[in-house]
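Asks: any chance you could fold what I've pasted below:
(2 chains)
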Amino acid sequence: MAVDAARHPAVPVPATRPEERERRRWWLIALLLLGLALTVVPFLWMLLGSLKTQSELLRQPPTWIPESPTADNYTRLWNRLDFPRFFWNSTLISLLITIANVVFCSMIGYALAKLRFAGRDLLFLLVIATLLVPGTVTLVPLFVLMSKLNLVDTYWAVILPAAAGPLGVFLMRQFMLAIPDDLLEAARVDGAREFTIFWKIVIPLSAPAIAALGIVTFLPSWNALLWPLVVLTSQEHYTLPVALAIFSRGQFQADYGLLMAGSVVLVVPVIIVFLLLQRHFTQSVTMTGIKG
Amino acid sequence: MSAAALEHGQAVPRRTVWSRLSRHLTGWLFALPWLVIFLVFLAIPILASLALSFTGFGIANLRDWFSADFVGLDNYSKLLSDERFHKAARNTAIFVVVGVPLTLASGLVAALGLNQAIGRFQALFRVGYYLPVVTSIVAIAVIWRYLLNPDFGLVNAVLGLVGIDGPNWLGEKSTALASIIALGVWRNFGFDMVIFLAALQGINPVLYEAAKVDGATPWAMFRRVTLPLLRPTILFLAVITSVGYLQLFEEPFVMTGGGPLDSTLSVAMYVYEQGFRFLNLGYASAIAYALFIAIVVLTFIQFRVLRSDEYV
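Replies: I've put the predicted structure just below:
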């Protein structure tokens, strides 16, 4: 560095002494810790709030630890608002959407990555072109279509439009491109049928991509609000986000205990799965994101 | 069969024709289940949306589609004079123009920080920052509405400790949209961070060594080495984040209902309102299509501005 400063005397190089660098590092760590507090505290607040009584929730200044912890908010969710039903609806719908996507997207992904057929590139272009189409655009025509098919206010109305997304195709194709052709060719020479190759060779090799696809499909389905809100009209069909959104705007607007408990039911299963499969999550993000 | 044809090559032309045909067929068969659902529930509705936007489609036309009146460009000319649409468009534009750079910047700062200052604890921070990304926006909006409550919310209580009298965040015109932008940044920066981290870890450390030898300051290294190499990542994140932000719906729907005085009404909310509260399905389609066009145009601009030839 001294040599360098001598070479360019006109530009003074600020000497970063070890102490200074160390101090800068501590500032950075403090900032990062503040960020961590900002992201984690709201969830903590939700959890603690769901165990407080209404009068404690409305106290100023607020309390951190519930003074007399109560499960009352949860029992009200369960007994008066039928949350088990909403939970079941959400689970069923999201699982079926995920299974459908895994099956359909890996099939077409295989075709796009490893089979040669007329129109293949055009088909892939179609997938890419619709990657960025906003859900808001199809809202009205889907509703019109669903009412024609008599599917309004059924699970199918939510499941079918989400059962074949372009993102999943993109993900599976990109992953399957990396599977060596020799492997498949060898099986073909041995007389294996195309479906056997797909099922016995390609699918097991694609396990990481399938896990990633499962995650990127399940999460948005579990969290989706707009389309289910439009198409599920009777309360018995509500998913958790729809129920929570409607209750938070309606008669339970100020019932924060109930709303916090409802949020816990909606959020905690996802957080648990996230913590368990943390590595796969990051992988799913980079897999869909980076390999463009 | 195809293996046999392969061995005999041109000696068995009939088989070759059959095998070629079956090859095309196999490809399409694998694509078929996905393609049918995709066409019926995504591709055709996209086109139908355009067709609907030229009609006065209402609830009465749901049984017999072709009984709807063709109104030409009426819906679109109505958009031009619709004050509430203007308000919604303005709010959404502000949300995107302010929110997207803030989200990317926060994500980048978090990624740079984690990459440099934190050794062993990186995973912990990563999980924490990513938590809001995986959770439902509805739940987040519900939680933040409580946190931002002027009378008994945590935010104003904390501000009160340092002597600041916090406003009624979601109840005042001047702060409602800003609060929703802050919430958007809070929820989404973790996604950008993960992508930035992956990109940062892909940068060859030799480049930094070389810069250091040349006496570059950390800031100069960031400007001259890191930022140019992150350009494709920034482009990708800008596009993804903008497309998401242009469809802003859940936060205002849960937190403000679009108020006060429409100061947080978004375009997607207006589509919902026109389509499913007032049942003006044709007009709602026109609004949605305007949003679609905005997304396409913005994506195109971002590609033009942020693309550098080396990476395309």
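Asks: nearest residue to residue 71 in space, please, no chain neighbours.
Replies: No chain was given, so I picked chain A. Of all residues not flanking A:Ala71 in the chain, A:Leu51 sits nearest, at 7.4 Å (C-beta to C-beta, 6 or more residues apart in numbering or on different chains). C-betas here are computed from N, CA, C, even on glycine.
Asks: nope, chain B please
Replies: Leaving aside its sequence neighbours, B:Val71 sits nearest to B:Gly56 (C-beta to C-beta, 6+ apart; 4.9 Å).
Asks: and the one you found, how many residues sit next to it?
Replies: For B:Gly56, the neighbour count with other C-beta atoms under 10 Å in any protein chain shown is 16.
Asks: please report phi then psi for the residue nearest to A:Ala71.
Replies: phi -100, psi 0 (degrees, to the nearest 10).
Asks: OK, contacts around it?
Replies: A:66, A:69-71, A:73 (C-beta atoms under 8 Å, 6 or more residues apart in numbering or on different chains).
Asks: which stretches of the stretch 201-312 of chain B form helices?
Replies: Here the stretch 201-312 of chain B has its helices, by DSSP state H, counting those that start in this stretch, at B:205-213, B:218-221, B:227-229, B:231-246, B:250-255, B:267-276, B:281-306.
Asks: tell me which residues of the longest one are tucked away?
Replies: Translated: helix B:281-306. Across helix B:281-306, burial judged by 16 or more other C-beta atoms under 10 Å in any protein chain shown covers B:281-292, B:294-295, B:298-299, B:302, B:306.
Asks: what does stretch A:116-134 give?
Replies: Of the residues in stretch A:116-134, A:117, A:120, A:123-124, A:126-127, A:130, A:133-134 count as buried by neighbour count, 16+ other C-beta under 10 Å.
Asks: what are the boundaries of the helices in the stretch 1-150 of chain A?
Replies: A:2-7, A:18-49, A:54-57, A:72-79, A:83-114, A:120-129, A:135-148.
Asks: same question, the stretch 151-292 of chain A
Replies: Ranges of helices in the stretch 151-292 of chain A, per DSSP H, counting those that start in this stretch, are A:155-162, A:166-177, A:181-189, A:194-197, A:203-205, A:207-223, A:226-231, A:240-249, A:256-276, A:278-289.
Asks: now the longest one - C-alpha only, PDB.
Replies: Right, helix A:256-276. Written as PDB, here are the backbone C-alpha positions of helix A:256-276 (Å, rounded to 0.1, in the frame of the first residue of the first chain):
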ATOM      1  CA  TYR A 256     -56.700  -7.900  18.300                       C
ATOM      2  CA  GLY A 257     -56.400 -11.000  20.500                       C
ATOM      3  CA  LEU A 258     -58.500 -13.000  18.000                       C
ATOM      4  CA  LEU A 259     -56.700 -11.500  15.000                       C
ATOM      5  CA  MET A 260     -53.300 -12.300  16.500                       C
ATOM      6  CA  ALA A 261     -54.300 -15.900  17.200                       C
ATOM      7  CA  GLY A 262     -55.600 -16.200  13.700                       C
ATOM      8  CA  SER A 263     -52.300 -14.900  12.300                       C
ATOM      9  CA  VAL A 264     -50.500 -17.400  14.400                       C
ATOM     10  CA  VAL A 265     -52.500 -20.200  12.900                       C
ATOM     11  CA  LEU A 266     -51.800 -18.900   9.400                       C
ATOM     12  CA  VAL A 267     -48.100 -18.200   9.900                       C
ATOM     13  CA  VAL A 268     -46.700 -20.700  12.400                       C
ATOM     14  CA  PRO A 269     -47.000 -23.800  10.300                       C
ATOM     15  CA  VAL A 270     -45.200 -22.100   7.500                       C
ATOM     16  CA  ILE A 271     -42.400 -20.900   9.800                       C
ATOM     17  CA  ILE A 272     -42.000 -24.400  11.200                       C
ATOM     18  CA  VAL A 273     -41.700 -25.900   7.700                       C
ATOM     19  CA  PHE A 274     -39.400 -23.100   6.800                       C
ATOM     20  CA  LEU A 275     -37.100 -23.700   9.700                       C
ATOM     21  CA  LEU A 276     -37.000 -27.500   9.000                       C
END
